[in-house]
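**Student:** The sequence and its predicted three-dimensional model are supplied below.
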Amino acid sequence: MSASILAAGLLMTGSVVSLAQEVPKTADQVARPGGKLPGDPKIALVKVADGFLDPVGVASARDGTGRIFVVERQGKIKIVTKDGKVNEKPFLDLTKNSPLGSEVQTGFVEQGLWAVAFHPKFKENGHFFVSYASLPFNGAHIIARYTVDPANPDVVSVEHANKTVKVIMNIPQPYYNHYGGGIQFGPDGNLYIGKGDAGWEGDPLDAGQSKNMLWGKMLRINVDTADDVAYTIPKDNPWAGAYQDRMMTLFGITEEGFSKIHMGARGEIWSYGLRNPYAFHFNKKGDLFIAEVGQNHLEEINWQPASSKGGENYGWKHNMGTNCHPMTGPDDKCPIVGVLPAAEYPHQEPYPGAEKLKDGWGCSVMGLGVADYAGLDGAYLTGDWCSGRVFATGWDGSKWQLQELAQTALQFTAGNNDEDGTVLAVNCNCFYLDDKGAAANPPGALWRIVPADKVPAGAEVAKTKK
């Protein structure tokens, strides 16, 4: 067999496997802790800036200025300049722009301002988008567009914000948790939105599997519309034309034709069967990684190839990763619904009644970004909210691997790629049941993940256990 055939990544029979990345087909192909990536990469977390109140999001405008935008849960976005200084005035402040004072609901730790995403043509149009829980709309999930003031590109005043705001989506939220909240522009120019199953526990609304609800999904919309149109549904979304008023016809339609009719299906849906996709990221090829916050026993990382036409079912609430839901013990037997994750890791209690793991691998996976450096070769970095571990999910040439890169004392909340491709991460001190409030918890910080041998002289580095 020639080397050229192997290099092409063609799926071969016998002992030779595909060199191309692929979604696991069986549970034993899903990566778990203990894996090793080629070259055994080493990293360090270098502090960029600190003093942020409940930082839960970070982004680059990719406009050549080197600015980093840190999202504070209370409803503010702060600018960190290219030399690491934090501007005194917020870039955006939503805590003063409504008759109630704040536009943002922060009553529970999962509520607040979560994310900012800059339009791919931000340098030309000045548009940026935010995702948050709304106080005036009783905790509803709002996606809104704002426009910078060319005369003051570092500060969007309250007056300018209220003048330029455009509401893109207003999604009611029946419970105060499982919002999702992440937003990213894909390589196709569409806006992708991670939407949680709307809360409580165990998906009591059966939202994950219902195509009639926006909850429990990845959404995909086109926001390049006229000012009086909030958004449009891309025609190639999997259920873009599934629901439309039509006359009932019994004959003359094929079975395939009937299979495409889903009355009530929402065209905004890109994929479904998700519990709480708080963070997700695209790599340079257009592949999508989704950090899926799990229930009580398991966290998962999903992977969707750039060639996907959408429509994947990630299994919730029938499955959590490769496990049954509800999980009752080590010998549960249930069918796998839909698509398996690329990787998963257990909590301290891997299943009910099990002996607890010494430290526990974690409790809540937070997507950080895709690393094309430090020998990671496009691996997806995630940090855990409880354990402080940093994992890399990557392809070793024949299968997925999940390698632990570090265990810190940081409570990771989010991350993103900077303009130069390095992965940024933020941590808060916003504990779930001991939350003191979005503006009263101990401050958090912004970090840059670098190769272990590339730490700048004199830089402060996050302490690790190993």
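**Tutor:** The structure has been received and is ready for your questions.

**Student:** Counting neighbours, what do you get for A242?
**Tutor:** 18 (other C-beta atoms under 10 Å). For every residue, glycine as well, the C-beta is placed using N, CA and C.

**Student:** Look up how far L274 lies from it.
**Tutor:** Distance, A242 to L274, using C-beta to C-beta, to the nearest Å: 19 Å.

**Student:** just W316 next, same as before
**Tutor:** From W316 across to L274, the span is 6 Å (C-beta to C-beta).

**Student:** More neighbours: the two, which one.
**Tutor:** Taking other C-beta under 10 Å, W316 and L274 do not tie; L274 has more neighbours (31 against 28).

**Student:** quick revisit: list residues touching both of W316 and L274?
**Tutor:** 197, 208, 216, 292 (C-beta atoms under 8 Å, 6 or more residues apart in numbering).

**Student:** ok, and the closest non-adjacent residue to the second one?
**Tutor:** Just to be clear, that refers to G208. Once flanking residues are discounted, G208 sits nearest to G216: 3.6 Å by C-beta to C-beta, 6 or more residues apart in numbering.

**Student:** How much space separates the one you found from S271?
**Tutor:** When C-beta to C-beta is applied, the distance between G216 and S271 equals 10 Å.

**Student:** Compare those two and say which is more crowded by neighbours.
**Tutor:** Taking other C-beta under 10 Å, G216 and S271 do not tie; G216 has more neighbours (28 against 24).

**Student:** ok, now which ones touch that one?
**Tutor:** 195-198, 203, 207-210, 272-275, 316.

**Student:** buried stuff in stretch 193-203?
**Tutor:** 193-199, 203 (16 or more other C-beta atoms under 10 Å).

**Student:** same thing with stretch 272-289?
**Tutor:** Within stretch 272-289, the residues that qualify as buried are 272-283, 287-289, counting by 16+ other C-beta under 10 Å.

**Student:** Can you measure across that stretch, start residue to end residue?
**Tutor:** Chord length of stretch 272-289, first to last residue, is 14 Å (C-alpha to C-alpha, to the nearest Å).

**Student:** With stretch 49-59 instead?
**Tutor:** Across stretch 49-59, first to last residue, C-alpha to C-alpha, it's 14 Å.

**Student:** try stretch 250-263
**Tutor:** 16 Å.

**Student:** re earlier: which pair in the buried residues of stretch 272-289 spans the largest distance?
**Tutor:** Using C-beta to C-beta, the pair of the buried residues of stretch 272-289 lying farthest apart is R275 and N283, separated by 23.0 Å.

**Student:** Helix, strand, or coil at M327?
**Tutor:** Three-state call for M327 (DSSP: H, G, I helix; E, B strand; the rest coil): coil.

**Student:** got a list of what it touches?
**Tutor:** 296-298, 320, 351-352.

**Student:** same question, P326
**Tutor:** Counting by C-beta under 8 Å, 6+ apart, P326 has contacts G202.

**Student:** First-to-last residue distance for stretch 415-433?
**Tutor:** End-to-end for stretch 415-433, by C-alpha to C-alpha: 23 Å.

**Student:** Name the residues of that stretch that are buried.
**Tutor:** For stretch 415-433, using 16+ other C-beta under 10 Å, the buried residues are 415-418, 422-430.

**Student:** What of stretch 383-397?
**Tutor:** Here stretch 383-397 shows 383-395 as buried, counting by 16+ other C-beta under 10 Å.

**Student:** One more: stretch 296-315?
**Tutor:** So for stretch 296-315, counting by 16+ other C-beta under 10 Å, buried means 297-304, 308, 310, 312-315.

**Student:** Now do stretch 182-191: distance from first to last residue.
**Tutor:** 11 Å.

**Student:** and the nearest residue to S387 once chain neighbours are set aside, what pLDDT?
**Tutor:** Nearest non-adjacent residue to S387, counting by C-beta to C-beta, 6+ apart: G362, 4.1 Å away. Predicted confidence (pLDDT) at G362: the value is 96.

**Student:** that older thread, any chance of a markdown table for the buried residues of stretch 296-315, columns pLDDT and distance to S134?
**Tutor:** As requested, the buried residues of stretch 296-315 are exported to a markdown table (pLDDT from 0 to 100; distance: C-beta to C-beta, whole Å):
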| residue | pLDDT | distance to S134 |
| --- | --- | --- |
| H297 | 96 | 32 |
| L298 | 97 | 31 |
| E299 | 98 | 28 |
| E300 | 98 | 29 |
| I301 | 98 | 30 |
| N302 | 98 | 28 |
| W303 | 98 | 32 |
| Q304 | 98 | 29 |
| S308 | 98 | 32 |
| G310 | 98 | 28 |
| E312 | 98 | 29 |
| N313 | 98 | 29 |
| Y314 | 98 | 27 |
| G315 | 98 | 30 |
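
**Student:** Adding distance to Q173 and secondary structure, write those residues out as a markdown table.
**Tutor:** Shown next, in a markdown table, are those (distance: C-beta to C-beta, whole Å; DSSP: H, G, I helix; E, B strand; the rest coil):
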| residue | distance to Q173 | secondary structure |
| --- | --- | --- |
| H297 | 25 | coil |
| L298 | 25 | strand |
| E299 | 23 | strand |
| E300 | 23 | strand |
| I301 | 25 | strand |
| N302 | 23 | strand |
| W303 | 28 | strand |
| Q304 | 25 | strand |
| S308 | 28 | coil |
| G310 | 24 | coil |
| E312 | 24 | coil |
| N313 | 23 | strand |
| Y314 | 21 | coil |
| G315 | 23 | coil |
